[in-house]
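# Okay, here's the prediction I keep looking at, along with the sequence it came from:
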Amino acid sequence: MNLEKQKQKIPEKIYTLLEKRGFTELRPSQIKSIDAGLFNDKNLLVCTPTASGKTLVAELGFLNAVLHDKGKAIYIVPLRALASEKYKQFKKDYPQLKIGLSSGDLDSEDTHLAHADVIIATSEKFDSLLRHKVSWIKQIKTAVIDEIHLLNDETRGPTLEIIITILKRELKNIQIIGLSATIGNPEELADWLNAELVKDSWRPVKLKKGVYLDGKIHFKE
């Protein structure tokens, strides 16, 4: 959908940034997220296919936290490599924001993060920061949980669940935005998060299923 048609729903500063980055269209998941209360601090669980635009939903959320709510945002990812990737991308796309990265030594409080607007961290590192009771936690307005389906993972799930539980308990007005392409029980998870469920099947490239046999792929009609 044309970006200009959504202008009245998007805070002015954020709309200007989107224009500067060259956006002219928004994808269905992004429109649905805006309509579900993205800019009204509603919790969201966004369950849409890979490459359908979930990351921009998260970006709009942390931009709103920083530019409108005058607070911080935390972007939680499962892997250090993904944290580094997001850090480099957000530094490039949003030079006007102070982007922080925390994914290393679990015993470090990373005091430099007190000056960051958006903090990217692995779930294990953020769990450590919570246990250190770092002072800036109270300034978090939006928490993005990437790959939130890992709540069901035997190794990472318990830590992620603890993080979300603490955030919900300690920060009564925090906005939680969960992102995933693969959740088997989205309604149940959305209920636990007290979140609006955003579902959509749109993807940039049509998905075809087929069977590879004798050097050929036989696609399902």
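Ah, there it is.
# Measure how buried Phe219 is and give me the count.
When neighbours are defined as other CB atoms under 10 Å, Phe219 has 9 of them. Heads up, the C-betas are built off the backbone N, CA and C, glycines and all.
# What sits closest to it if chain neighbours are left out?
With CB to CB, 6 or more residues apart in numbering as the measure, Gly210 is the residue that lies nearest to Phe219, at 4.0 Å, once sequence neighbours are left out.
# what do you get for His115?
With CB to CB, 6+ apart as the measure, Lys98 is the residue that lies nearest to His115, at 6.1 Å, once sequence neighbours are left out.
# Likewise for Glu187?
Leaving out its chain neighbours, Glu187 is closest to Leu197 (CB to CB, 6+ apart), at 6.4 Å.
# would you say the one you found is within a strand?
Yes. For Leu197, which was evaluated using DSSP: H, G, I helix; E, B strand; the rest coil, the result is membership in a strand.
# so who does it touch?
Listed by CB atoms under 8 Å, 6 or more residues apart in numbering, the contact partners of Leu197 are Leu45, Cys47, Pro186, Glu187, Ala190.
# returning to that earlier point: tell me the contacts of the residue nearest to Phe219?
Under the contact definition (CB under 8 Å, 6+ apart), the residues listed for Gly210 are Ile217, His218, Phe219, Lys220.
# backbone phi and psi for the third one, please?
This points to Phe219. Backbone torsions for Phe219, taken as degrees, to the nearest 10, come to phi -80, psi 150.
# what about the helices in the chain?
Counting by DSSP state H, the chain has these helices, from start to end: 12-20, 28-35, 54-63, 80-93, 123-131, 157-170, 186-193.
# hmm, what's the outermost residue in the chain?
Centroid-distance maximum for the chain: Asp214 at 42.0 Å, with CA atoms, centre = their mean.
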